[in-house]
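A.B. asks: when you get a sec, could you give me coordinates for this:
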Amino acid sequence: METIYIYDKGKGFPLVLIHGFLGSSEMWRNQKDFFSDFNRVIAPALPGFGESSNIKSLNSINQMAIEILKVLDKKKIERFNLLGHSMGGMVVQEITKIASERVNKLLCISTGSIGEVPGRYETIDDTRKKLRAGGIEKTFLNASKKWFVKGDKDKNYYLCKNAFKNVSLETADNALIAMKNWSGYENLKNIKNDTLIVWGDKDNSYNFEQVNTLNKNIKNSRLEIFKDCSHNLHLEKAQEFNFLIKDFISK
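C.D. replies: Presented below is the predicted three-dimensional model:
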């Protein structure tokens, strides 16, 4: 496989940021600017997405996790703090399953322990059908407006709109297959890493039951809830989010 795009800037203990479905490295713009003053920030674009849209996509969360670990190996990064959002939250759980000794602290943002979430606004199969029938742009517009309380009026919505532009239908479908077929539930009891779980109380992609399942089953975890935020809380309340993360990884 060709090398995926990696944002790599700053000095200090590494902080690895993994984006979600239809995302890119740029989804972390507010975090990259902030954390690069304190940490070495590593923000890849997953195969097929964003700046890595020229790379063949993967249809397995495990394969995505392995690809990120290969990148970190090439950069000779042995230990790191690890943060994932949505689908990226699944990837970071899988990375922790494979190489828990390398993960200093784990951060799971707007995510759960399974890909097919009961109570989601539509099933993954329904999303796949709509993707094939209506194309990538229609699928993006249908999903992305739900990621913000203010919908497409949010000031950072443009980052999502820019991220999906070069994503192929195959890449989007492969990601949906990867999520549908993934479950990390059984491994939660094996996660011993200090873990922060963050969720917006207006998130209709992952309901409270999903984040609470993480919190109840990961031994060294705590749950922080952002009021009046939806799925992309790191974009909706970037400053509040950044200070919370900084406090957690600094201790």
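A.B. asks: can you give the distance of the longest helix belonging to the chain from its chain's centre?
C.D. replies: Identified as the longest helix of the chain according to DSSP state H is helix 124-144. Relative to the mean C-alpha coordinate of its chain, helix 124-144 is positioned 19 Å out (CA atoms, centre = their mean, to the nearest Å).
A.B. asks: residues in contact with that helix: which ones?
C.D. replies: Residues from elsewhere that reach helix 124-144, judged by CB atoms under 8 Å, 6 or more residues apart in numbering: 21-22, 115-116, 122, 152, 157, 160-161, 164, 167-169, 172-173, 176-177, 179-180. Where you see a C-beta, it was placed from the backbone N, CA and C, and this is true even at glycine.
A.B. asks: avg pLDDT for the helix or strand where residue 176 lies?
C.D. replies: Element membership for residue 176 (DSSP states H and E) is helix 169-180. Summarised as a single mean, pLDDT over helix 169-180 is 96.
A.B. asks: what's the angle from it to helix 124-144?
C.D. replies: Between helix 169-180 and helix 124-144, the angle formed by their directions is 120 degrees, by axes from the mean of the first three to the mean of the last three CA atoms, to 10 degrees.
A.B. asks: so which bits of helix 169-180 are buried?
C.D. replies: 171-180 (16 or more other CB atoms under 10 Å).
A.B. asks: again with stretch 190-205
C.D. replies: Residues of stretch 190-205 classed as buried by neighbour count (16+ other CB under 10 Å): 191, 193-200, 202-203, 205.
A.B. asks: in a markdown table, list these along with secondary structure.
C.D. replies: What follows is the buried residues of stretch 190-205, written out as a markdown table (DSSP: H, G, I helix; E, B strand; the rest coil):
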| residue | secondary structure |
| --- | --- |
| 191 | coil |
| 193 | coil |
| 194 | strand |
| 195 | strand |
| 196 | strand |
| 197 | strand |
| 198 | strand |
| 199 | strand |
| 200 | strand |
| 202 | coil |
| 203 | coil |
| 205 | coil |
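A.B. asks: fine, thanks again, bye for now.
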